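> here is the input, now give the coordinates:
(chains A, B, C and D)
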Protein chains: 2
Amino acid sequence: MGKTGHPGRRRTLSEQDILDAALALLAEGGADAVTIRGIAARVGVAPNAVYTYFPDKAAVVRGLAEHLLGRVNHDRFTDPSQSWRDRIRAFALELRAELLAHPGSVHLMLSHPPDGPHTQAVRETLLAILADAGLGRAAADASYLINTHLLGSVAFEIAAPPDDPEARTTRFRWAVDRLLDGLAAHVATVRVERSAPR
Amino acid sequence: MGKTGHPGRRRTLSEQDILDAALALLAEGGADAVTIRGIAARVGVAPNAVYTYFPDKAAVVRGLAEHLLGRVNHDRFTDPSQSWRDRIRAFALELRAELLAHPGSVHLMLSHPPDGPHTQAVRETLLAILADAGLGRAAADASYLINTHLLGSVAFEIAAPPDDPEARTTRFRWAVDRLLDGLAAHVATVRVERSAPR
DNA sequence: ACCTGAACACCGTTCAAGT
DNA sequence: ACCTGAACACCGTTCAAGT
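The predicted structure is shown next:
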């Protein structure tokens, strides 16, 4: 199906092959190792052949970030039997773990902000939780606050000298709890406004 | 004074000349434009001559970040006549403005975390305010929370498409206020522990 | 000590050409 | 349509040599 064009054409590669190679390079050598030439060498092709699948390096990097965000399981955060605080805590910890597992991914996302379907799915999951929490119109700002803290936090952790990883997790949880306290205080404000609109 | 060594030597450059050139390149072309060869060309010297003043590019970049942090005026944040909330708000807004004025500086700091005297001065100013706020042992974690949010926030703002700058400032202030609410709630907790130690 | 010229080992990207 | 070889315009860094 689809318009495969002429049938006699070679398509030795797929976009996924390229993203897999990029992911492997990211895992082995960090963000600096994610290189068009390195990807090409890893999939056994000339460097410029990569440009058949992606228009430029930025597109490859966005695809890579998308691929990473596609690995998060949303179901655990939409379960309404848990409190919104617990759900956001779990959400933040899961994404942090995913980003920490791929050092350099944060720098890639900060320099080339992704905006594909997986990215939007993650954004909407977070927005749904915040709406459940009762943040109303401020849900978007709260989402921005959490994303911002998450990326900044992981970027710092990767750049900083490797001290005790358990202490870093504790520090991250502490920060998230302060954030949640701040959001909870604002929820109370919103509630007051809503019950006394004038 | 000092040990200038042999008097007949040329010293056409200073470390400051190199940092000034790097700052100009950062202002003109962003983080990617900060390049050893570009700096050398701008100060009128062969590329490898830069290695006489700095051991490698990372050192230049750290020096550049240091230079930027040296521009913040600490006095405005140590004034005890203002509330700690106002002082942290001013601190965050000032640093954000300084970083936004030099697009790319955040990426430089995130990839090469600075640790010179100006960096430490900024850190200690923030710690002092947080100690004033009554955060006690949690001051370090709170400082980390604010730094993390600040850098992540600015990185996001620079990477995102240039929408209304005033709206972005409003969003930033909103986020800082949520953070302060969260910290204030924790101050109350600390106070309770201190007045009832057993 | 400070600077130069030349080189090494890389980059991303483009172009012309082959199938 | 997809791939190759060759090239262009860059990087950071090192080395040997000059003063």
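
> and the gap between A:Leu110 and A:Tyr144?
Look at A:Leu110 and A:Tyr144: by C-beta to C-beta, to the nearest Å, they are 14 Å apart. The way it works is simple: take the backbone N, C-alpha and C, and place the C-beta from them, glycine included.

> then A:Thr12?
42 Å.

> higher neighbour count, those two?
Neighbours around A:Thr12 and A:Tyr144, counted as other C-beta atoms under 10 Å in any protein chain shown, are more numerous at A:Tyr144. The numbers are 20 against 9.

> which pLDDT value belongs to that one?
With respect to pLDDT, A:Tyr144 scores 95.

> please list the residues of chain A that sit near DNA strand C.
A:Val34, A:Thr35, A:Ile36, A:Arg37, A:Gly38, A:Pro47, A:Asn48, A:Tyr51, A:Asp56, A:Lys57, A:Ala58 (C-beta under 7 Å from any atom of the strand).

> drop anything exposed from these.
A:Val34, A:Thr35, A:Ile36, A:Gly38, A:Lys57 (16 or more other C-beta atoms under 10 Å in any protein chain shown).

> pLDDT wise, what is the third one at?
Looking back up the chat, that one is A:Ile36. pLDDT, A:Ile36: 98.

> show me what contacts it?
A:Ile36 sits next to A:Pro47, A:Val50, A:Lys57, A:Val60 when contact means C-beta atoms under 8 Å, 6 or more residues apart in numbering or on different chains.

> so which bits of stretch A:122-141 are buried?
By neighbour count on 16+ other C-beta under 10 Å, the buried set for stretch A:122-141 is A:122-123, A:125-126, A:128-131, A:133-135, A:138-139, A:141.

> give me the residue at the spatial middle of chain A.
Chain A has A:Leu69 as the residue nearest its centroid, 4.6 Å off, counting by C-alpha atoms, centre = their mean.

> residues in contact with that residue?
A:Glu98, A:Pro114, A:Gly116, A:His118, A:Thr119, A:Ala121, A:Val122.

> chain B contacts on chain A?
Contacts of chain A with chain B, taken as C-beta under 8 Å from any C-beta of the partner chain, map to A:107, A:110-113, A:138, A:141-142, A:144-145, A:147-153, A:155-156, A:159-160, A:171, A:174-175, A:177-183, A:185-186.

> buried ones among the residues you listed?
Buried members of those, counted by 16+ other C-beta under 10 Å: A:107, A:110-113, A:138, A:141-142, A:144-145, A:147-153, A:155-156, A:159, A:171, A:174-175, A:178-183, A:185-186.

> mark which of these are part of helices, please.
Those of these mapping onto helices are A:107, A:110-111, A:141-142, A:144-145, A:147-153, A:155-156, A:159, A:171, A:174-175, A:178-183, A:185-186, per DSSP state H.

> what's the lowest-mean-pLDDT helix or strand in chain A packed up against?
Here the helix or strand of chain A ranked lowest by mean pLDDT, DSSP states H and E is helix A:105-111, holding a mean of 86. The contact analysis (3 or more C-beta pairs under 8 Å, 6 or more residues apart in numbering or on different chains; DSSP states H and E) places helix A:105-111 against helix A:57-69, helix A:84-100, helix A:139-159, helix B:105-111, helix B:139-159.

> closest to B:Ala90 out of these?
helix B:139-159 (12.4 Å; C-beta to C-beta).
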